[in-house]
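> fold the following.
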Amino acid sequence: MAREKAGVAAPHTAAWQRPAKSLTLNAIAGLASICLLLFGLLVFGTRMLPRGVRGIARSFAIGFGIIAAVSAGALAARWPEIHRAVVEAPNATARIAPADAAESVFALKPGEIVSVGREHGGFALIHTEDSRSGWLRKSDFQQIIPPAASLSSM
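This is a model prediction of the structure:
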């Protein structure tokens, strides 16, 4: 939505990243949790099963373990997205310190992606994809995944 406001097209996603991006972070975490639970139940519960079924249970346990590992890898690959934001303001400038009177370090274009670090007052320390950093007004950007506190107020 922020990219649409800024008139910037979404970046191209590589084919190998599409499965991880097709699910939300919560869906991936839920899938990993369920598979890990089933893996644990099958690994430790196979002794209670009849001998003829144990091989099948072990096969399912391996399958659930693989799915849990792949889901954990997908979560790890998408973890940096939690702190990403899109610059929305047309005249956004990063500053050397978290104050309006501080010297301007560089300008940002609407639609530019930044990583948000710590916050101070009405400012947040941002890092650009080309390794620049500075303090930007919170009103100049919108986080891609809103913080949990703002989600609960929706």
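
> drop to CA atoms for contacts and neighbour counts, all remaining ones
Noted.

> which phi and psi values does the closest residue to T128 other than its chain neighbours adopt?
Nearest residue to T128, sequence neighbours excluded (CA to CA, 6 or more residues apart in numbering): V114, at 4.6 Å. When read as degrees, to the nearest 10, the backbone of V114 gives phi -130, psi 160.

> any low-confidence regions in the chain?
In the predicted model of the chain, residues 1-11, 16-17, 20, 146-154 satisfy pLDDT under 70.

> so what's the residue nearest to T128 up against?
R84, A85, V86, V87, I126, H127, T128, E129 (CA atoms under 8 Å, 6 or more residues apart in numbering).

> switch to 10 Å and redo it
V114 is in contact with 83-87, 108, 125-133, 141-144, counting by CA atoms under 10 Å, 6 or more residues apart in numbering.

> what does G117 give?
G117 neighbours (CA under 10 Å, 6+ apart): H83, R84, A124, L125, I126, H127, S133, W135.

> now with 8 Å, please.
By CA under 8 Å, 6+ apart, the neighbours of G117 are H83, A124, L125, I126, H127.
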